[in-house]
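Student: what's the 3D shape of this:
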Amino acid sequence: MDKMSKFSHITKVHPCYNEKLHDKIGRVHLPVAPKCNIACRFCKRSISEDCCEHRPGVSHGVLKPEDVEDYLKEIIKKVPNLKVVGIAGPGDSLFNKETFETFEIINDKFPDLIKCLSTNGLLLPKYAKKLADLDVKTVTVTVNAIDPKILKDIVDWVYYDKKVYRGEEGAKILIENQIKGIKKAYDEGLIIKINTVLIPEINLEHVVEIAKTLKDYAYIQNIIPLIPMYKMKNLRRPTCMEMNTVKDKCEEYIKQFRACQQCRADAVGLLSEAKILKEKGLNLDIYDLKHFSH
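Tutor: Have a look, this model is predicted:
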C-alpha cells in the first residue's frame, strides 16, 4: 500500500490535506500554546483582542485547557460540519504542556473529532509516540532548510535542553531534531505535512532539497510565501512564478498542497472563509503569558 492510500481515511476528510474540502469541512484551531522555543526572523507573535491579521502566530488571546470543553461546544453549534480540531500555537505546540492536556480533554469529550498539530519539530523526537498515544492523526512540521548554513539566516536562536543555541549550532540542532522527529512520527503512523516558507533571497534554490530529503516520510508539502515582517520586513515576497516553479520541482518528490490560507492560531470555520473568532461572537480569556518573546 503506498503512502497516499494508506492515509486516505483521514486525508479525504481533512481540509489541510485536501484542497477540495475547503468549503465543505469545518476546522478549529485552539490557541492553547503561547510559548515558543525558537526565534524565526519572519515571525512576530501577536496575542491581542485588537489584532485582525490573518497569519500564523496570531490570536485574540490564549485559551486555557479547562475552558476547552465549553468553547468547543459553542464552536460545534456555530460551525457547519466541524470535523477537525488542531493546535497551531500561537507558539510551538510541543513546547506547551497545555497542548497535551487539551488533547486528553478532546479524547474524553469529543472523541469523533480528528486531532492535528503544528510544530517546528524541535521536540518531535521526544513527543512523537505521545502524540500517537493521544490519537493525534496529523502533524505539520515547518521545515525551512536542511542546511545549517541556510537556516542560520532564518532562525536567530534555538532553546533546547535548557540552553540557547545561536547561528549554525542552533540551526544544526533544529534540523537534526526535525528529521529525526519526522521519521519517528512516520513510524508511529502519523500523517506528516511539511510546511516551508519560501524566502527568495535565502532558500529559493534550496527548498527542493527539503522535498528530496523528506520524500519517504511526508505525505504532502505546503510551500507558503514569506510575509515580509519583523526582521525580514525588508525582504521581498516570492513572485507567483517563483512559487509555482518551486512547487513544480518539489512535486517530483512530494505531493504539493496549493491552496494554503496561512491560518491564524485561533482560526475557526471553513477554510474558504476569512472569518476569525471575534466575527463569530466568540471570546477568549487572556491570561499572564510567561514565554519567550521575540
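Student: give the contact list for the closest residue to residue 182 other than its chain neighbours.
Tutor: Spatial nearest neighbour of residue 182, chain neighbours left out: residue 217 (5.1 Å); criterion: Cβ to Cβ, 6 or more residues apart in numbering. Using the backbone N, CA and C atoms, a C-beta is placed for each residue, glycine as well. Applying Cβ atoms under 8 Å, 6 or more residues apart in numbering, we find residue 217 in contact with 182, 183, 185, 186, 192.
Student: over to residue 249?
Tutor: By Cβ under 8 Å, 6+ apart, the contact list for residue 249 reads 207, 208, 211.
Student: sec struct for it, please.
Tutor: helix (DSSP: H, G, I helix; E, B strand; the rest coil).
Student: ok, it to residue 207 distance?
Tutor: 8 Å (Cβ to Cβ, to the nearest Å).
Student: so residue 65 touches residue 100, yeah?
Tutor: No: between residue 65 and residue 100 no contact is recorded; they are 9.1 Å apart, counting by Cβ atoms under 8 Å.
Student: report the two of the contacts of residue 217 separated the most.
Tutor: 183 and 192 (9.5 Å; Cβ to Cβ).
Student: give me the more crowded residue out of the two.
Tutor: Neighbour comparison, residue 183 and residue 192: the larger count goes to residue 192, with 24 against 17 (by other Cβ atoms under 10 Å).
Student: from what I see, that one and residue 219 are in contact.
Tutor: Yes: if you go by Cβ under 8 Å, residue 192 and residue 219 touch, sitting 5.8 Å apart.
Student: name the spans of this structure whose pLDDT lies under the cut-off.
Tutor: Judged by pLDDT under 70, the chain has its weakly predicted residues at 1-24, 45-60, 259-265, 269-294.
Student: could you pick out the longest helix of it?
Tutor: helix 167-187 (DSSP state H).
Student: can you give me the strands for the stretch 151-294 of the chain?
Tutor: In the stretch 151-294 of the chain, the segments counted as strands under DSSP state E, counting those that start in this stretch are 155-160, 163-166, 191-198, 220-225, 268-270.
Student: in a helix, residue 28, correct?
Tutor: No: assigned with three-state DSSP, residue 28 falls outside any helix and is strand.
Student: is it true that it touches residue 83?
Tutor: No: contact criterion Cβ under 8 Å: residue 28 and residue 83 do not qualify, at 9.9 Å.
Student: before we move on, back to that, tell me the most buried of the strands of the stretch 151-294 of the chain?
Tutor: With neighbours taken as mean count of other Cβ atoms under 10 Å, these reach their highest mean count in strand 191-198, at a mean of 24.
Student: run the angle between it and strand 220-225 for me.
Tutor: Angle between the axes of strand 191-198 and strand 220-225 is 20 degrees (criterion: axes from the mean of the first three to the mean of the last three Cα atoms, to 10 degrees).
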